[in-house]
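Asks: One predicted model, sequence on top.
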Amino acid sequence: MDYVPYAVPFFLLAILIELAYGILKKKNTYRLNDAISSLFMGSLRSANKLIIIGLGGYVFYAIETQYALWRMDAASPIVWVFAFVFYDFCYYWVHRAGHEVNLFWASHVIHHSSEDFNLATALRQSATGFYFKWAFYLPLAILGIPTKVFVVIALIDLLYQYWVHTQLIGRMGFLERFLVTPSNHRVHHGQNDYCIDKNYCGIFCIWDQLFGTYADERTDEPVVYGVRKPLRSWDPVWGNIHHYFLV
């Protein structure tokens, strides 16, 4: 079951709060056309969830129930902690592949195509990523992570990443060293030289530090958002497919 639609009202409320706070503080980070485009792209992504859940979910369940090395107990807190950490590790690699493999970047580029950075940008998700992302999580099935644990952990990881798409929260002290925060995620969305191919993590930024892809936000060089080949379109369909014509 896809629980994300139930969170949509909270997403929209958070966007309105961020917009109002930004205007109040004279630091508005929204443009109407860009925000509407992001919302439509998020809608397209939700429309293909049946394919994602049907294909990826079926394969994961089949492996977990029939071919796993062993079956883990969903009632064990240790299983949940292990799944939580290992899922985030797998997310790092699927996200990194989405940047460093051109065919996968064709799907993921839509998330980076906005030249704004705000909570609406978080909803600017790919409608075409279903063809490769699920495969990166199969190690969890092979290790016997129960499907229901996988679904809940995936939801937590996804929802966590929403709030870090903002310019209105500054650096968060020691948390920057082990968690993904708005500061280090702003770097990920930048097109500055020091931002390219950095900060792929979903929740724990320790993976970036382990594999040499971590970068701190620089106070002396404001982040420039977007991609170096601008989309130059508000069309959500074209935004999702345009890079495939360049692959």
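Replies: Looks like it came in fine.

Asks: Residue 73 touches residue 79, doesn't it?
Replies: Yes: counting by Cβ atoms under 8 Å, residue 79 is a contact partner of residue 73 at 5.9 Å. (Glycine included, C-beta is placed from N, CA and C.)

Asks: intersection of neighbour lists for these two?
Replies: Overlap of the contact sets of residue 73 and residue 79 (by Cβ atoms under 8 Å, 6 or more residues apart in numbering) consists of residue 146.

Asks: between those two, which one's more packed in?
Replies: The neighbour comparison of residue 73 against residue 79 (other Cβ atoms under 10 Å) goes to residue 79, with 16 against 10.

Asks: what number of residues lie near the residue nearest to that one when sequence neighbours are not counted?
Replies: Leaving out its chain neighbours, the residue that sits closest to residue 79 by Cβ to Cβ, 6 or more residues apart in numbering is residue 72, at 4.6 Å. Residue 72: 20 surrounding residues under other Cβ under 10 Å.

Asks: tell me which element residue 72 falls in.
Replies: Using DSSP states H and E, residue 72 falls within no helix or strand.

Asks: Distance-wise, check it relative to residue 142.
Replies: Distance, residue 72 to residue 142, by Cβ to Cβ, to the nearest Å: 11 Å.

Asks: How about residue 13?
Replies: 39 Å.

Asks: ok, now residue 68?
Replies: From residue 68 to residue 142 the distance is 6 Å (Cβ to Cβ).

Asks: Please, which helix or strand holds the closest residue to residue 190 other than its chain neighbours?
Replies: Using Cβ to Cβ, 6+ apart and skipping residues adjacent in sequence, the residue nearest residue 190 is residue 223, 3.9 Å away. Under DSSP H and E, no helix or strand contains residue 223.

Asks: In stretch 197-207, which of the residues would be classed as buried?
Replies: 198, 199, 200, 201, 202, 203, 204, 205, 206, 207 (16 or more other Cβ atoms under 10 Å).

Asks: Residue 89: what's it in contact with?
Replies: Listed by Cβ under 8 Å, 6+ apart, the contact set of residue 89 reads residue 207.

Asks: i'd like the first residue to be 55 from this point on
Replies: Okay, residue one is now 55; in that scheme the one you just asked about reads as residue 143.
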